[in-house]
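**Student:** Using only what follows, build the 3D model:
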Amino acid sequence: MHPKKTDIPLYTKVGIRVTAVLMVLIAFFLIRNCSSSVYYGTATGPAAIRQAYDLGEQQGTAQALGNKPSDPYTNRNPILQKAYQKGFRTGWDAARNNLPNTLSPTSTASPTIPTTPATTVPSNSDGR
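**Tutor:** I've put the predicted structure just below:
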């Protein structure tokens, strides 16, 4: 006799198709990201990277000091974007570290912490 044929449930069929579509989309985005990294990595020279970093550092310093940047940096090259962001953060941190601390209290004395007298814990006579 032939074994009884069992049908695959509808939710399993839908799940298989949804999973396949998600895997194809993830593979597409992964391949696109890798290919753009290779393309921009070979097309971008160290001078362009240094220029983007310096621009980011200047704009980060200016913005940390309260000046508005002239125009936002927009570039599709992910390597230049990363260099700009690193420079911006470096400029921001350097400018903020050189500013006076406005959050500190006006007095130079350190705050006192109230202390309570130490309490001793009585020990048991049997050593426990």
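
**Student:** Could you list which residues are in contact with the spatially most central residue of the chain?
**Tutor:** Centre of the chain computed as the mean C-alpha position; nearest residue by CA atoms, centre = their mean is Gln85, 11.0 Å away. Taking CB atoms under 8 Å, 6 or more residues apart in numbering, we find Gln85 in contact with Gly56. Using the backbone N, CA and C atoms, a C-beta is placed for each residue, glycine as well.

**Student:** For Gln51, see how far away it is.
**Tutor:** Going from Gln85 to Gln51 by CB to CB, to the nearest Å gives 14 Å.

**Student:** cool, Gly87 as well?
**Tutor:** 10 Å.

**Student:** Compare these two (neighbour count), which wins?
**Tutor:** Ranked by neighbour count (other CB atoms under 10 Å), Gly87 and Gln51 place Gly87 first, with 24 against 15.

**Student:** what residues go with each domain of the chain?
**Tutor:** For the chain, automatic domain parsing gives the domain ranges 10-43, 45-98.

**Student:** Lys4: which of these is closest?
**Tutor:** With CB to CB, the closest approach to Lys4 among these belongs to domain 10-43: 17.8 Å.

**Student:** For this structure, which segments are assigned as helices?
**Tutor:** Using DSSP state H, the helices found in the chain span residues 10-43, 46-64, 78-98.

**Student:** which parts of the shortest one are buried?
**Tutor:** Residues Ile49, Ala52, Tyr53, Leu55, Gly56, Glu57, Gln59, Gly60, Thr61, Ala62, Ala64 are the ones in helix 46-64 that count as buried (16 or more other CB atoms under 10 Å).

**Student:** can I assume the third one is in contact with Lys82?
**Tutor:** Just to be clear, that refers to Tyr53. No - the pair Tyr53 / Lys82 is not scored as a contact, 9.3 Å apart, by CB atoms under 8 Å.

**Student:** Please report how far Lys82 lies from Gly91.
**Tutor:** Using CB to CB, Lys82 is found at 15 Å from Gly91.

**Student:** Between the two, point out the one with more neighbours.
**Tutor:** Set side by side, Lys82 and Gly91 show more neighbours around Gly91, with 23 against 14, by other CB under 10 Å.

**Student:** one step back: for the buried residues of helix 46-64, which one is nearest Gly41?
**Tutor:** Here the nearest of the buried residues of helix 46-64 to Gly41, counting by CB to CB, is Ile49; it sits at 10.5 Å.
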